[in-house]
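**Q** make a model of this:
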Amino acid sequence: MNYYILFYETADGYEERRQPYRDTHLNMLRKAQEEGTLLMAGAYDPIDGAALVFRCKHQDTVEEFAREDPYVKNGLVKRWWVRKWTVVVGE
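**A** Numbering: from 1, shown residues only. This next block holds a predicted model:
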């Protein structure tokens, strides 16, 4: 298994525009966590982006998550990228 971080850079007006998509987004997060691929996720403070930490075999799993996220599909995330992460301390 590998670790990956999915980075989101949010678009202008993100906080005001996210409400119609929030439940679907949160349900996706919960489902990925239940499946064991998503370890943690959260927005930055201030909310100009977010980071989601995944543990899975392939980066494709993370990229597919991003492509299906309603925040990405509806322009609330203006840029996203995935980085493989080597954990030195911790699980």
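
**Q** can you report phi and psi for the residue nearest the centre of the chain?
**A** What sits nearest the mean C-alpha location of the chain, by CA atoms, centre = their mean, is residue 52, with 4.2 Å. Dihedral angles of residue 52 (phi, psi; degrees, to the nearest 10) stand at phi -130, psi 130.

**Q** residues touching it, list them.
**A** Going by CB atoms under 8 Å, 6 or more residues apart in numbering, residue 52 touches 5-6, 8, 29, 38, 40-41, 62, 65. All C-beta spots, glycine's among them, are computed from the backbone N, C-alpha and C.

**Q** can you tell me which of those residues is nearest residue 48?
**A** Closest approach to residue 48 among these (CB to CB): residue 8, at 9.5 Å.

**Q** reformat the contacts of residue 52 as CSV; add neighbour count and distance to residue 48.
**A** Below are the contacts of residue 52 laid out as CSV (neighbours: other CB atoms under 10 Å; distance: CB to CB, whole Å):
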residue, neighbour count, distance to residue 48
5, 14, 16
6, 21, 16
8, 24, 9
29, 17, 19
38, 22, 21
40, 10, 19
41, 19, 16
62, 24, 21
65, 23, 20
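
**Q** tell me the buried residues in stretch 63-73?
**A** 65-66, 69-72 (16 or more other CB atoms under 10 Å).

**Q** residue 77 touches residue 11, doesn't it?
**A** Yes - if you go by CB atoms under 8 Å, residue 77 and residue 11 touch, sitting 6.7 Å apart.

**Q** ok, those two, which is more surrounded?
**A** The residue with more neighbours, out of residue 77 and residue 11, is residue 77; 21 against 16, by other CB atoms under 10 Å.

**Q** phi first, then psi, for that one.
**A** Dihedral angles (degrees, to the nearest 10) for residue 77: phi -110, psi 120.
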